[in-house]
Each structure stands twice: as structure tokens, then as C-alpha cells.
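> Pasting the sequence and the predicted coordinates here, then a few questions.
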Amino acid sequence: MKHTCRKAFTDTLLELAKEDSRIVALTSDARGSAALNKFVEELPEQFIEVGIAEQNEVGVAAGASTCGLIPFVCAPAPFLSARSLEQIKVDAAYSNTNVKICGVSGGLSYGALGGSHHAIHDLAAIRPMENITVLVPADARETRWMTQAIARTKGPVYMRMGRNEVEDIYTEEDRKKFRLGKAICLKEGRDLTMIAAGELVCPALTAAKKLEACGISVRVLDMHTIKPLDEEAVQAAAQETKGIVTLEEHSIHGGLGGAVAEYTVQNCPVPMKIMGIPEGHVVAGETCDLFPYYGLDEESIAENTKEFWSTL
Amino acid sequence: MTVKELENKAKEIRRGILTMIYESEAGHIGGALSCCDILTALFYQIMNTDPGKPKDPDRDRFVLSKGHCVEGYYNILADKGYIRKEELKTFSQFQTRLIGHPNREIPGVEMNTGALGHGLSSACGMAKAGKMQKKDYRVYCLMGDGEQAEGSIWEAAMFASNYRLDNLYAILDRNTLQISGPTEQVMKLEPLKDKWQAFGFEVEQVDGNDMDKVLKAFDRLQKVNGKPKLILADTVKGKGISFMENNVKWHHGTLNQAEYEQALRELGKPDKGGEA
């Protein structure tokens, strides 16, 4: 089955907000994009429309959080993570406020709309900031567990979701496997480890299964928490398998691949391949075209991983 | 407190500002002096706060959007007992919490500021939260005039009037100088009163270094309902020290011993009728 993460997010947010009046949703004219219409209809008194003003949106949320509210800022990731970057840095991270910054339509979700609408630098920009937790859910259920977890955990969070439907990875029974800051092992393997986040977890898993047929045993980790990184899982991957492939819908600079490389190079050096979006001419298109173009579909992932394996 | 007592308190805070900057050889002296009377009015007369309960949910909130002008703020927090007076000596020193811009590690500080154009948004969030939770507290935000060029200020202004945040009091320290020179030469800001009125604020323009007038302006604004308020405070950068007044060199100048001694002489002792 396929579901959209942003819908799972706002459905969960609505449930939580019905139980806890401190939870409020803010948006910058993005009720539609953020799937907030139902929330607005059912809990108008817990909703704040800010207009197209992302800087003010984050500042207002930070201020409101100091007065006992738990604000969830819901807006398209490309604008939220870039236009209001200084507010995220100062009002959320540095001020260590209890603000949940939820970027929808992250990565290449708005691929056809061009570079202005791509959010492929957000993890690199926000990851180094103090205090802030950085999250990228892989499917709708994980989005739900993540939303519940951040609502009850104090501190600033940046959570980035995609726009489109994604294949379910988890079932309800998997719920106990989810903990903020702990990678989830989706497949055991001896030769290589794929560490993936967000919408690339699904193609990574499929590619890993294909590679099994070619005699390459691949471990697959869902690294839903980019920060704080599950160093233990990375260390185990580096020591128990011969190489690490990271996969993310993000620039190859400074995102998940960067986080894993920073850790391994200083603690447990291991050959790595970072799969993501290289710097260069921005290509527009739907994700079904862009993922293969950037080598992020299951066939390309399997092919490129095989090639990486051959160099080890 | 009487007006005379408040004027004397402002004088005492100015002495604190001079000493802090003289001893630490750091600070934004001109702006700290221009907004000193407003800060004194807020913390000793207008605002409902209890230094013993800095996290009281019903307290009035203060946000220093012009975060670089902390010296008066820190002196007031120490005088009121939020922090110990001896701690003032650590201002700008290695690993102090009394950093060159306010931060939430200090009791009595609501938001980390320093990047300009942020404070009014935070204050709007506090005011909106107050409305949503049906609380009676008020939120005060002190802005500089140079930062009026930041677009985010006007995003926040729109928000405040859209949500009729009559529990929000913005104060604009209009000292007409910013780091590179006169504001009107760096980036024309006028007509500021018209702009804030056009954005839906009830505006009172006053001499921001005249305690009596500042208090009366707050009095008048407190009677206005249904819209946010702004005190357009005409002030003098470096107010109270002849060689600093209206001189952009003192935006963040430090004092030598002779200047420090002269500045203290010019401030003089508290006038009769005030506190010793």
C-alpha cells in the first residue's frame, strides 16, 4: 500500500492536538500543501495562519513556545528551510525553544517546479546547529510515530517529509522498533551496509534484495534520525561489513552521507559511497524521472552498489 | 515609583552602563544610553514581573530586539535581583552567560536575540499565545531604528495587527543613528509614524528620554483595545554624556579612563527627592 507522509503527519498532529491544547499548528499559506485543511476545520482555535512569511512564522512559533505552547510549523521545506534559516538558527536552535519545524514537500518533491522549489540543502544547513534534532521519515507509519515522539520530547526539531505517496515499509507491529536517534535495521547483511533515509529507504531495500540474488549480502538501515546520528549502528556497519553506501534525497554534500562520513572517518574508517544529488546544473522533472536521472531508483542503486562492491 | 525616583534610577543604570563598558572594554554604548529611560520605565514601573519568579506564566514579557544594547538590560536584571550584581563584572568575558547579546540562560531573558529583525516576531508569538490561552499578560518589545530595514519586522507588524494583538507594545528607539551613520542616509526609514499606523498600530510619538512623557504614552496606549501599539520614542544616541550624544563614533566605542571619569561627572549624583 502507498500513503503520503504529510497526510500521516497532519492526521497525527490533529489527534495529538485534540488531546493536548498546547499543540498548535502554524502555516504560511500552505494549508493545502501541508494537508492542514482538516486541522483548520476541526481545531481553528489551535491554528495560526501567518501568511507567506516564513521568517515571521518561525519567530512567532519560537515566541509562542516560550509561553507554554507546542508549535508545529508546517510549510514547504524549500522555503521554510531557506527563507527562515536565521530564525531556525537563532530563535529555534540557539534559543533552544520547543519548536517543531516541519518541512513538507522536501527533497525533489516539487521537482518539476525547478530549483527554487527543490529542498536538497536543508539537512546540510540545519544539521550543524546546536540543540536541534533532524528527522526524515521513510513512510507514513514512521511519520506517525515520529510526530508522536517529537510532540512529547522537548527541544527544537526539523522534520522533513516528501509530498508524494510512498510505499509502506512498516506495519503497525513495527511500532516498538521506532525510537528517536536509533536506526532501524530492515535487513541483515554481511558484505555491505546501505544507510538510507526518507523516500530512499524503500528503493534501497528493494535494491538490497536484488543484490542478494547476485551474491552480495547487504544490510539496510533506516536512519530516520539524521541528528543525533545513531553512531553505534554506524560503527557496527563499519566494523561488521566491508563498505557503507548512504542514500538520501539531498545533496551529496553535508546530509546523511556527510554525517556518516564525519563519524566513520574519525572513528572507524571504511570505504563509502554517497548516493544523492550531485552539485551541478539543476534538472527539473517529476521524481519518477529525476530519481533514475540521479541514480536513485532501485535499478541504479543496485547497479552502482555492485560497482562499488567490485572496487573493494 | 515617582517620576523623580525613576529618573534617578535611570541615572543609576546609566552609571552601570558606563562602568560595564569601561571595565570590559566592549559594548554598544550609544544605543544603550538612548534606550535607558525606556528600559527603566518598563522594568520599574510598567511591567508586571517578579524577579523571584522569573518563569511565572502570568508575567509580562520583554524582548530586546536590538539585542546589542544589553548593558542597561543586564544592569537592571542585576539591580532587580534576577542575577547577582557581582556577575556584571563578567560581561563579555570568556564563558560568561552575560554575552554581548541577551540569551535565555539568564533569568529574566525570554529570547536569545542579536540577529536584527527577530524580536518582534518572537514577541508576536508570545502575545498570540497569551490570547490563545486567555492570559492577561502583556508583551513589550524594544526595537532599534536601524533594524527597521529588516523585512521580517514588517512581516511581524502585519501579523500583530491581523490578530489584533492589543497585549503587544512595541517600542522603537528612534535615535536616528546606526553603525554607518544617520539612518536616513543609510536607508531612508521615514515616515515611520505613518508606516506603523498604516500597518495597523496605535502609535504614540514621544520624547523617549523624558520619563514623564514616556510613562504618559504607555498610559494612553493601555486604554486602546483591539490593536497592537507602538511607542515611537525619539531619543538621543549617547544620551546624557555630552561628547557621546548624537555622535556615531559611540555606536560601540569604548572609554578611556579620562572619558569614563568625565562621563560619570556629567551624569552626576541622583537628584534630591529620589532614592539615595
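Noted; the coordinates are in hand.
> continuing past the helix or strand harbouring A:Ile48, what's the next helix or strand?
When secondary structure is defined using DSSP states H and E, the element that contains A:Ile48 is strand A:47-49. Scanning the chain past strand A:47-49 towards its C-terminal end, the next helix or strand to appear is helix A:54-65 (assignment: DSSP H and E).
> For chain B, tell me whether that next one is touching it.
Yes - with C-beta under 8 Å from any C-beta of the partner chain as the measure, helix A:54-65 is seen reaching chain B through A:55-56, A:58-65. Placement of C-beta: from N, CA and C, glycine included.
> which of these has the most neighbours?
Neighbour counts for the residues of helix A:54-65 next to chain B peak at A:Val58, which has 36 neighbours (criterion: other C-beta atoms under 10 Å in any protein chain shown).
> now B:Ala123: how far from A:Leu113?
Distance of B:Ala123 to A:Leu113, given as C-beta to C-beta, to the nearest Å: 34 Å.
> can you check A:Ala25 too?
From A:Ala25 to A:Leu113 the distance is 24 Å (C-beta to C-beta).
> now do A:Ser28
Between A:Ser28 and A:Leu113 the distance is 17 Å, computed by C-beta to C-beta.
> of the two, who's got more company?
Summary of the neighbour comparison: A:Ser28 and A:Leu113, criterion other C-beta under 10 Å, with A:Ser28 having more neighbours (26 against 13).
> does the residue in the stretch 151-276 of chain B that chain A sits nearest to belong to a helix or a strand, and which?
With C-beta to the nearest C-beta as the measure, B:Glu155 is the residue of the stretch 151-276 of chain B nearest to chain A, at 3.6 Å. Take DSSP H and E as the rule and B:Glu155 turns out to sit in helix B:151-162.
> quick one, that helix and helix A:54-65 angle?
For the pair helix B:151-162 and helix A:54-65, the angle between their directions (axes from the mean of the first three to the mean of the last three C-alpha atoms, to 10 degrees) equals 60 degrees.
> tell me which parts of chain A are close to chain B?
Chain A comes close to chain B at residues A:24, A:45-46, A:48, A:50-51, A:53, A:55-56, A:58-69, A:71, A:86-87, A:89-91, A:94-96, as judged by C-beta under 8 Å from any C-beta.
> need the contact list for the residue nearest the centre of chain A.
For chain A, the residue lying nearest the average C-alpha position, counting by C-alpha atoms, centre = their mean, turns out to be A:Val136 (1.6 Å). A:Val136 sits next to A:106, A:123, A:159-161, A:197-198, A:224, A:226, A:248, A:256 when contact means C-beta atoms under 8 Å, 6 or more residues apart in numbering or on different chains.
> out of those residues, which one sits closest to chain B?
When the contacts of A:Val136 are compared for distance to chain B (C-beta to the nearest C-beta), A:Met159 wins out at 19.5 Å.
> Now that closest one. Nearest residue, chain neighbours left out?
Take A:Met159 and drop its neighbours on the chain: the residue closest to it by C-beta to C-beta, 6 or more residues apart in numbering or on different chains is A:Leu135, 4.3 Å away.
> Name all residues that make contact with the one you found.
Contact partners of A:Leu135, counting by C-beta under 8 Å, 6+ apart, are A:146, A:150, A:157-160, A:180, A:224-226.
> Identify the farthest-apart pair in these.
A:Arg160 and A:Leu180 (14.7 Å; C-beta to C-beta).
> which of those two has more neighbours?
More neighbours sit around A:Arg160 than around the other of A:Arg160 and A:Leu180, counting by other C-beta under 10 Å; the figures are 29 against 16.
> how about the helix or strand containing A:Thr143: buried residues?
Taking DSSP H and E as the definition, one finds A:Thr143 inside helix A:140-151. Taking 16 or more other C-beta atoms under 10 Å in any protein chain shown as the basis for neighbour counts, the residues of helix A:140-151 that come out buried are A:140-151.
> Check stretch A:300-308 too.
A:300-302, A:304-305, A:308.
> what ranges do the strands span in the stretch 51-200 of chain A?
Listed from the start of the chain, the stretch 51-200 of chain A has strands (DSSP state E, counting those that start in this stretch) covering A:70-76, A:100-104, A:133-135, A:157-160, A:165-167, A:184-187, A:192-196.
> Tell me the pLDDT of residue 173.
Answering for chain A, as no chain was given. At A:Glu173, the pLDDT value in this model is 96.
> Switch to chain B, please.
At B:Asp173 the predicted local confidence, pLDDT, stands at 98.
> likewise A:Ala34?
Model confidence at A:Ala34, expressed as pLDDT, equals 86.
> Touching, it and A:Leu13? I think so.
No - using C-beta atoms under 8 Å, A:Ala34 is not in contact with A:Leu13; the gap is 9.6 Å.
> Now for those two: what residues contact both?
When contacts are counted by C-beta under 8 Å, 6+ apart, A:Ala34 and A:Leu13 have A:Cys74 as shared neighbours.
> Give me the sheet partners of the very next helix or strand once past the helix holding B:Glu155 and which way each runs.
On the C-terminal side of helix B:151-162, the nearest following helix or strand under DSSP H and E is strand B:168-174. On the basis of DSSP bridges, the sheet neighbours of strand B:168-174 come out as strand B:139-144 (parallel), strand B:229-234 (parallel).
> how far out from the middle of the chain is the last one?
In terms of C-alpha atoms, centre = their mean, to the nearest Å, the centre of strand B:229-234 is found 12 Å from the chain centre.
> next one: stretch A:197-211
Averaging C-alpha coordinates over stretch A:197-211 and over its chain gives two centres that are 15 Å apart (C-alpha atoms, centre = their mean).
> Give me the distance between B:Ala41 and chain A.
Distance, B:Ala41 to chain A, using C-beta to the nearest C-beta, to the nearest Å: 22 Å.
> which helices and strands sit right next to the helix or strand where that residue lies?
Secondary structure from DSSP H and E places B:Ala41 in helix B:36-41. Using 3 or more C-beta pairs under 8 Å, 6 or more residues apart in numbering or on different chains; DSSP states H and E, the elements in contact with helix B:36-41 are helix B:3-24, helix B:71-80, helix B:211-222.
> let's go with 6 Å and repeat that
Helix B:36-41 makes packing contacts with helix B:3-24, helix B:211-222 when contacts are defined by 3 or more C-beta pairs under 6 Å, 6 or more residues apart in numbering or on different chains; DSSP states H and E.
> so is the residue of chain A positioned farthest from its centre in a helix, a strand, or just coil?
Of all residues in chain A, the one whose C-alpha sits farthest from the chain's mean C-alpha position, using C-alpha atoms, centre = their mean, is A:Gly215 at 30.6 Å. The three-state label for A:Gly215, taken from DSSP: H, G, I helix; E, B strand; the rest coil, comes out as coil.
> Which member of the residues of helix A:54-65 next to chain B is positioned nearest B:Leu39?
Nearest to B:Leu39 among the residues of helix A:54-65 next to chain B: A:Gly63, at 19.7 Å, using C-beta to C-beta.
> for the closest residue to that closest one other than its chain neighbours, what are its contacts?
With C-beta to C-beta, 6+ apart as the measure, B:Gly125 is the residue that lies nearest to A:Gly63, at 2.5 Å, once sequence neighbours are left out. Neighbouring residues of B:Gly125 by C-beta atoms under 6 Å, 6 or more residues apart in numbering or on different chains: A:60, A:63-64.
> Which parts of the stretch 201-312 of chain A are strands?
Assigned strands in the stretch 201-312 of chain A, in chain order: A:218-222, A:225-227, A:243-251, A:272-277 (criterion: DSSP E, counting those that start in this stretch).
> who touches the last one?
Going back to what we said before, that points to strand A:272-277. Strand A:272-277 is touched from outside by A:120, A:244-248, A:250-252, A:257, A:261, A:294, A:308, with contacts defined as C-beta under 6 Å, 6+ apart.
> Can you list the strands that that strand pairs with?
Strand A:272-277 has these strand partners (DSSP bridges): strand A:243-251 (parallel).
> Between strand A:218-222 and the strand it pairs with, find me the angle.
Using the same axes, to 10 degrees, the inter-axis angle of strand A:243-251 relative to strand A:218-222 is 40 degrees.
> Nothing else from me, thank you.
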